[in-house]
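A.B. asks: got a predicted structure here, sequence first:
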Amino acid sequence: MSATTIQAVFARQVFDSRGRPTVEAEVALAGGASGRASAPSGASRGAAEAFELRDGDPDRFEGRGVSRAVAGVNGEIAALLTGREALDQRSLDQAMRDLDGTPQLSRLGGNAVLAVSIALARTGAAATGQPLFRRLADLAGVSEPTMPMPMVNILSGGLHAGRGMDVQDFLVIPIGASSYGEALEWSLGVRAAAATLCQEAGLTTLLADEGGLSPGFADGVEALTMMVSAFERAGLRPGEDAAIGLDIAASSLADADGRYVFQRAGRVLDSAAMIELLADWTARFPIVSVEDGLGEEDWAAWPALTRRLGRIQLVGDDLFATQAERIARGVRESAGNAALIKINQNGTLSGTLDALAAARAGGFATVISARSGETEDPFIADLAVGVAGGQIKIGSVRTSERMAKYNQLLRLKEEELPFAGFRR
């Protein structure tokens with residue numbers, strides 16, 4: 001038995017930022033090193049992403065308990081991993097996939113497997129005496145980690161805000177910033193300016209799931225206009241210092257016929273009309289990134305969207321679900337030009353790194369992303385830096401589960417790593 005032999009694997013039920021149960025796992029090694037991690041949870045979920053195992057007991061936590069997932073870690077997964085070499089991340093991740101035996105980790109639960117997978121990475125960093133971001137860089141084969149460009153949620157709708165607005169997120173991307181610290185400071189200024197504008201207009205400043213404001217505009221143009229006004233109120237030049245990112249979350253708008261239903265705006269659009277709407281918005285406002293502008297299975301229309309708006313960043317989230325094979329298909333079919341990377345969509349760290357590799361092989365940009373149901377675990381901050389992810393989408397600059405990640409990036413900034421900036 002060596003110092004890096006796994007001695008114990010353990011899990012417990014904890015709670016995420018929405019007060020819902022999730023899985024937290026710990027791994028301990030014979031030499032004394034240990035690591036802990038928790039699994040996030042999304043609201044807008046792609047059909048192809050890893051399965052969250054929930055108890056389904058209506059008398060406890062509205063059926064959202066994770067005692068079955070926890071039991072799987074403390075039983076089958078612990079038995080599988082105990083006594084094995086902790087530093088062989090890929091082998092251990094594959095062993096857990098094989099043990100589960102389903103394509104989307106539906107037997108043991110992607111939430112269970114992911115918590116252990118991340119805990120293994122953190123334990124490996126402790127055992128080797130590396131900062132976590134360096135350990136992740138080694139696992140990803142990245143020689144030069146970078147500080148990511150933050151994409152910060154300012155206004156929220158969709159499933160993040162009770163359908164208060166049709167479009168899910170309006171984000172600031174501080175494209176003119178020269179460092180992560182400056183980008184974060186500018187984003188904080190925009191968030192404060194937007195809150196002031198809402199107050200002056202008599203609009204609500206209550207928080208959505210990711211800490212964004214949800215003023216409840218019926219039309220996206222109203223929200224886009226407020227974004228520009230917030231940039232100017234914060235002393236930033238729209239389109240030069242700060243630009244807009246959109247998360248349409250189109251899959252959550254789609255009806256049974258594949259049309260996109262804007263309930264607040266009173267519009268029903270087919271794929272062609274949706275492309276025209278986005279083209280109109282990008283012509284009128286300083287938009288540089290659109291996420292999930294079409295649905296996750298609207299493959300036939302995505303190439304048309306890319307041809308029309310490929311000058312900006314077109315991000316696939318539900319479309320790709322952090323699955324390497326779906327990203328490779330997107331590259332082949334010219335469906336977008338960037339991939340959102342969410343570790344819990346994949347279910348293991350190794351699989352997430354494969355998705356990143358597939359995006360890079362196809363020339364796609366990448367955005368490391370949090371989920372609407374987050375925990376205090378700042379893992380994705382280290383991930384974005386270690387794998388040179390380029391951009392990070394954490395949520396707004398409010399609430400501790402978001403700020404834990406922004407603050408971890410401030411600590412990593414002290415490593416004097418290069419800043420990725422925004423490049424399309």
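C.D. replies: That came through, no problem.

A.B. asks: contacts only, for I287.
C.D. replies: 224, 243-246, 281, 312 (Cβ atoms under 8 Å, 6 or more residues apart in numbering). The way it works is simple: take the backbone N, C-alpha and C, and place the C-beta from them, glycine included.

A.B. asks: what is it paired to in the beta sheet?
C.D. replies: I287 has these beta-bridge partners by DSSP bridges: I244.

A.B. asks: check I341 too.
C.D. replies: Going by DSSP bridges, I341 forms beta bridges with I368.

A.B. asks: close enough to count as contact, it and A365?
C.D. replies: No - judged on Cβ atoms under 8 Å, I341 makes no contact with A365 at a distance of 10.5 Å.

A.B. asks: now list whatever residues contact both of the two.
C.D. replies: By Cβ under 8 Å, 6+ apart, the residues touching both I341 and A365 are A359.

A.B. asks: who's more crowded, the two?
C.D. replies: When I341 and A365 are compared for neighbours, I341 comes out ahead with 29 against 21, by other Cβ atoms under 10 Å.

A.B. asks: so how far is A112 from the more buried one?
C.D. replies: Distance, I341 to A112, using Cβ to Cβ, to the nearest Å: 20 Å.

A.B. asks: longest helix in the chain, please.
C.D. replies: helix 180-200 (DSSP state H).

A.B. asks: for that helix, what is the distance to the chain centroid?
C.D. replies: 21 Å (Cα atoms, centre = their mean, to the nearest Å).

A.B. asks: and the helix or strand just after that helix, how far out from the chain middle?
C.D. replies: Using DSSP states H and E, the helix or strand that follows helix 180-200 towards the C-terminus is helix 220-233. Centre-to-centre, helix 220-233 and its host chain are 24 Å apart (Cα atoms, centre = their mean).

A.B. asks: related to what we said a few turns ago, now, the most widely separated pair of the contacts of I287?
C.D. replies: Within these, L224 and I312 form the most distant pair, 14.2 Å apart (Cβ to Cβ).

A.B. asks: neighbour count: those two, which is higher?
C.D. replies: The neighbour comparison of L224 against I312 (other Cβ under 10 Å) goes to L224, with 22 against 18.

A.B. asks: counting neighbours, what do you get for A79?
C.D. replies: A79 - counted by other Cβ under 10 Å - has 11 other residues nearby.

A.B. asks: which stretch of helix or strand covers it?
C.D. replies: Using DSSP H and E, A79 falls in helix 78-81.

A.B. asks: touching that helix from outside, list them.
C.D. replies: Helix 78-81 is contacted from outside by 6, 8-10, 27, 92, 95-96, 99, 116, using Cβ under 8 Å, 6+ apart.

A.B. asks: hang on, the earlier thing: what angle sits between the longest helix of the chain and helix 220-233?
C.D. replies: 120 degrees (axes from the mean of the first three to the mean of the last three Cα atoms, to 10 degrees).

A.B. asks: in helix 180-200, what counts as buried?
C.D. replies: 180, 183-184, 186-191, 193-195, 197-198 (16 or more other Cβ atoms under 10 Å).

A.B. asks: only the C-alpha atoms, please, for that helix, written as PDB.
C.D. replies: Provided in PDB are the C-alpha atoms of helix 180-200 (Å, rounded to 0.1, in the frame of the first residue of the first chain):
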ATOM      1  CA  TYR A 180      -9.500  39.300 -14.500                       C
ATOM      2  CA  GLY A 181      -9.500  41.800 -11.600                       C
ATOM      3  CA  GLU A 182     -10.600  44.700 -13.900                       C
ATOM      4  CA  ALA A 183     -13.200  42.500 -15.600                       C
ATOM      5  CA  LEU A 184     -14.700  41.600 -12.200                       C
ATOM      6  CA  GLU A 185     -14.700  45.200 -11.000                       C
ATOM      7  CA  TRP A 186     -16.400  46.400 -14.200                       C
ATOM      8  CA  SER A 187     -19.000  43.600 -13.900                       C
ATOM      9  CA  LEU A 188     -19.700  44.500 -10.300                       C
ATOM     10  CA  GLY A 189     -20.300  48.100 -11.500                       C
ATOM     11  CA  VAL A 190     -22.700  47.000 -14.200                       C
ATOM     12  CA  ARG A 191     -24.700  44.800 -11.700                       C
ATOM     13  CA  ALA A 192     -24.900  47.800  -9.200                       C
ATOM     14  CA  ALA A 193     -26.000  50.100 -12.000                       C
ATOM     15  CA  ALA A 194     -28.700  47.700 -13.200                       C
ATOM     16  CA  ALA A 195     -30.100  47.500  -9.700                       C
ATOM     17  CA  THR A 196     -30.200  51.300  -9.500                       C
ATOM     18  CA  LEU A 197     -32.000  51.500 -12.800                       C
ATOM     19  CA  CYS A 198     -34.600  48.900 -11.700                       C
ATOM     20  CA  GLN A 199     -35.200  50.900  -8.500                       C
ATOM     21  CA  GLU A 200     -35.600  54.200 -10.400                       C
END
